[in-house]
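What follows is a predicted protein model with its sequence.
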Amino acid sequence: MRILRIVAIMAGALLALVVVGVVALLLFVDPNRYRGDIERVAKEHSARVLVIRGKLELKIFPWLALSVHDVELSNPPGFGAQPFMTVQNASIGVKLLPLLGKRLEVSRIALDGVNVNLVSRGQENNWKDLSEPKGSAESPSGSAPSRGSVSIEGVDLAKSSVVYRDEVKKSTTEIANLELHTGRLETGPDRTALRNVDFRGSYLARAAGQQDSAQVKPLVFSLRTAGLILDSQRLAPAKVDVKVGDSALVVSVAGENMSTERLVTGTVAVPTTSARKLLQSFGIAPPITRDSRALSAFGLQTNFRLTARQLQLSALQLTLDDTRIQGTAAEDLATSALSFDLNVNGINVDRYRAPVNKTTARPAGPPPAKAPPTPLPLETLRKLDAHGTLRVATATFSNAVFTDVVMPLVAKDGHIRLGPTQARLYGGSYSGDIVLDARPAQAQLSLDQHVHGTDIAALMKAALDSARISGRADANAAVTGVGNTGDAIMRSLNGKIDANVKQGALIGIDIAYELQRANALLKREVPPQRTGPARTVFNTLQTSGTLDKGVLRIDDLRMETDFLKVRGRGTLDTATEAINYQLVTSVNKLPASGATAGRDAGGGLDALRSVDVPLIITGTLSSPTVRPDIEALAKGKLGQEVQQKAGDLVKKKLGDKLKDLFGR
């Protein structure tokens, strides 16, 4: 009992001594007397000017706390007169007794009105000197100093901002309205734990030449987590809820070797949301699409693996409206090179294209100015470094439906190759290579396209809404173009094109009927009336030609039906669809004597046997006009009759001479 009494007396005396010391500290120590010393030390260690304009306040309850107001830290020399950082209010407190046990217990750190201005000039910036160590961190004995434990009740940051200005790229990024509130932070030699993090603010970026606009709204974001624990270089599994605009993001994360070969793994999930609202939350105006329901749904689920060198995504599942994308992707963090292997159930690209302008009555006056062509993103293409394969079960583009698509992509240093692509196309096959070289001043496009055994009627109906031809087609196109806009490339296209269509028909072009008309005119009879739809059934249709500045010049066109042979040449303007063909048709054979001969069987063509009949096709692909060249036909028929009569006369003369010679 005596011992306990002595201990109690000593403890009371110690407590009284502490109380007397604290009272003396408050009565005789004025922290404002040391303002100049603090400012001088800051300048000696950083070559910056620290100015404390407000009052320094010292408190003892419930912590030994120091508060400071209206603080300004200047930029280093050469970065202008604007302050590097300003702080309106700051306070921090500690407990004294835990210091004796090498434990630092800190009250809540409160910071209010902190504004930081960061400036980058390539290799130079205005914060580099603050991160450079001053002197040696080793203890006098040469060994690393031992680390005690630190405990902070929490951090409260309010009404703060960070502005980052890149003077090389002429861009500015502002993170404003920053609020950070945390729970208890505990650190020790092998363990760090932070509880209840709530971080929020707004983000706004402006590129070079972009002016301030009231319509450009900052992107509001927030981050919350119940806690992060780093134990012996291991990041314990944690869940982080992120919100960007109206879109939510849930991240589950864990890590290993956090201070050496960092490895962070986890999952990322974006619950299904409106893709249009997501774009708007990032300050991007959603495009006007042909389908008003497009961009209505977006969702994401993926695993990730992050190291110091690479970010990998696995078990990727991305949803865009009715499209489901699955596979893997990766990015090299040093070179920004992308790789991917993706599978898509189906996508209709036409849904996301700009609406088609409908033809309407144009008011009187000059025609409206044509919108300028959209330039190719050459700088972006030159920086693109990507390779991978995209597999699509069903893809619709320009109303044409491709199935079982396999599309490799290789892009590096401005050379982009899409292919060799393989696909099924309306009962046949498609293969093609697309190469865009963005390295020259004028981009160069190369197309090598092939279709085999394709139902040309279904393809033309889907792609061009045309029913002008049917049959099974093989076609090849090898063309190139030059330009920095889509329009310029289309106008410069040149190369070779050939096609071979079997067992088909030309719809809207009735060559047999036009020959029947010509036949009637030559015989001075009334032309017959058409008895069925205008069409020409053929066995084969072969054509080859060259494309020069958007105009397809057919040098060799050949077609055969059961009773006709057609050959010719002409042009097709791919921009206006204007056609101009000159054909020569000859009757190959007539139906058997006495047979009933319809138009497709060659009936009513007896006067044209062995006569070349010229035909002219003009108009457009959607509305062609076919007519026989009667003048040329008459001349040809007259010449043939003259030759026939001359031949008969020669034969008669020769026969008479022979009779005289032999006496008969």
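Arrived safely, thanks for sending.

So what's the residue count around residue 434?
17 (other C-beta atoms under 10 Å). In short, each C-beta sits where N, CA and C put it, glycine included.

So the residue lying closest to it once chain neighbours are set aside, which state does it fall into?
Spatial nearest neighbour of residue 434, excluding adjacent residues (C-beta to C-beta, 6 or more residues apart in numbering): residue 418 at 4.3 Å. What DSSP: H, G, I helix; E, B strand; the rest coil gives for residue 418 is strand.

Return the residues in contact with residue 418.
Residue 418 makes contact with 407, 408, 409, 433, 434, 435, 436, according to C-beta atoms under 8 Å, 6 or more residues apart in numbering.

Pull the distance from the strand ranked longest in the chain to the chain's centre.
Counting residues, the longest strand found in the chain (DSSP state E) is strand 191-206. Centroid separation for strand 191-206 versus its chain: 30 Å, with C-alpha atoms, centre = their mean, to the nearest Å.

what does that strand contact?
Strand 191-206 has contacts (C-beta under 8 Å, 6+ apart) with 171-187, 212, 216, 218-232, 283.

ok, the helix or strand following it: who's next to it in the sheet?
Using DSSP states H and E, the next helix or strand after strand 191-206 towards the C-terminus is strand 219-231. Strand pairing for strand 219-231, determined by DSSP bridges: strand 191-206 (antiparallel), strand 234-244 (antiparallel).

buried stuff in the first one?
Taking 16 or more other C-beta atoms under 10 Å as the neighbour-count basis, strand 191-206 is seen to contain the buried residues 192, 193, 194, 197, 199, 201, 203, 204, 206.

same check, this time on the shortest one
By neighbour count, and taking 16+ other C-beta under 10 Å as the criterion, the buried residues in strand 234-244 are 235, 238, 240, 242, 243, 244.

wait, what's in contact with the first one?
By C-beta under 8 Å, 6+ apart, the contact set of residue 235 is 228, 229, 253, 254, 255, 256, 258, 264.

so it bridges to which residues?
Going by DSSP bridges, residue 235 forms beta bridges with residue 230, residue 255.

Please report how far it lies from residue 256.
With distances taken as C-beta to C-beta, to the nearest Å, residue 235 is found 8 Å from residue 256.

do the fifth one as well
According to C-beta to C-beta, residue 243 and residue 256 sit 28 Å apart.

Then the fourth one?
The spacing between residue 242 and residue 256, counted by C-beta to C-beta, is 23 Å.

where does the chain have low pLDDT?
Within the chain, the ranges that satisfy pLDDT under 70 run 1-31, 34, 61-62, 96-102, 131-148, 208-216, 357-371, 522, 590-610, 630-664.

how does it look with 50?
1-24, 27-28, 136-145, 360-362, 593-602, 638-639, 641-655, 657-659, 661-664 (pLDDT under 50).

Go through stretch 538-558 and flag the buried ones.
So for stretch 538-558, counting by 16+ other C-beta under 10 Å, buried means 538, 541, 542, 543, 545, 547, 550, 551, 552, 554, 557.

cool, stretch 554-573 as well?
554, 557, 559, 561, 563, 564, 566, 568, 569, 570, 572.

Can you name the two of those residues that sit furthest apart?
Pairwise distances across those peak at 27.1 Å for 563 and 572 (criterion: C-beta to C-beta).

can I get the contacts of residue 418 in JSON lines with secondary structure?
Below are the contacts of residue 418 laid out as JSON lines (three-state DSSP):
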{"residue": "407", "secondary structure": "strand"}
{"residue": "408", "secondary structure": "strand"}
{"residue": "409", "secondary structure": "strand"}
{"residue": "433", "secondary structure": "strand"}
{"residue": "434", "secondary structure": "strand"}
{"residue": "435", "secondary structure": "strand"}
{"residue": "436", "secondary structure": "strand"}
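
For these, which PyMOL command selects only the ones that are buried?
Buried subset of these, written as a PyMOL selection, criterion 16+ other C-beta under 10 Å:
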select buried, resi 407+408+409+433+434+435+436
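
between the contacts of residue 418, which is nearest residue 589?
Nearest to residue 589 out of the contacts of residue 418 is residue 433 (C-beta to C-beta; 43.7 Å).

Return the angle between stretch directions for the helix or strand containing residue 269 and strand 234-244.
Counting by DSSP H and E, the element that carries residue 269 is strand 263-273. Angle of strand 263-273 versus strand 234-244, following axes from the mean of the first three to the mean of the last three C-alpha atoms, to 10 degrees, is 30 degrees.

now strand 263-273, how far from the chain's geometric center?
The chain centre lies 21 Å from the centre of strand 263-273; the measure is C-alpha atoms, centre = their mean.

Following element in sequence after that strand, please.
helix 275-281.

Other residues contacting that following helix?
If you take C-beta under 8 Å, 6+ apart as the criterion, helix 275-281 is touched by 219-220, 244-247, 285-286, 295-298, 320-321.

can you redo those residues as a markdown table with distance to residue 626 and secondary structure?
Shown next, in a markdown table, are the contacts of helix 275-281 (distance: C-beta to C-beta, whole Å; DSSP: H, G, I helix; E, B strand; the rest coil):
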| residue | distance to residue 626 | secondary structure |
| --- | --- | --- |
| 219 | 62 | strand |
| 220 | 66 | strand |
| 244 | 62 | strand |
| 245 | 60 | coil |
| 246 | 60 | coil |
| 247 | 59 | strand |
| 285 | 49 | coil |
| 286 | 48 | coil |
| 295 | 46 | coil |
| 296 | 48 | coil |
| 297 | 50 | coil |
| 298 | 52 | strand |
| 320 | 47 | strand |
| 321 | 45 | coil |
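
Check these and tell me the two furthest apart.
Spanning the widest gap among those are 220 and 321, at 25.9 Å by C-beta to C-beta.

Would you agree residue 302 is in contact with residue 268?
Yes - when contacts are counted by C-beta atoms under 8 Å, residue 302 is listed as touching residue 268 (5.4 Å).

hmm, back to that, ok, the buried residues of strand 234-244 vs residue 75, which is closest?
Taking these together and measuring to residue 75 by C-beta to C-beta, the closest member is residue 244, at 31.7 Å.

Show the contacting residues for the closest residue to the closest one other than its chain neighbours.
Distances taken as C-beta to C-beta, 6+ apart place residue 221 nearest to residue 244, at 5.0 Å, with adjacent residues excluded. Each residue near residue 221 by C-beta under 8 Å, 6+ apart is listed here: 200, 201, 202, 203, 242, 243, 244, 245.

Helices of this structure, residue ranges please.
2-28, 35-46, 128-131, 275-281, 378-383, 456-464, 486-492, 511-522, 630-662 (DSSP state H).

hmm, back to that, which of the contacts of helix 275-281 sits closest to residue 84?
Of all the contacts of helix 275-281, residue 84 sits closest to residue 219, with 25.3 Å by C-beta to C-beta.
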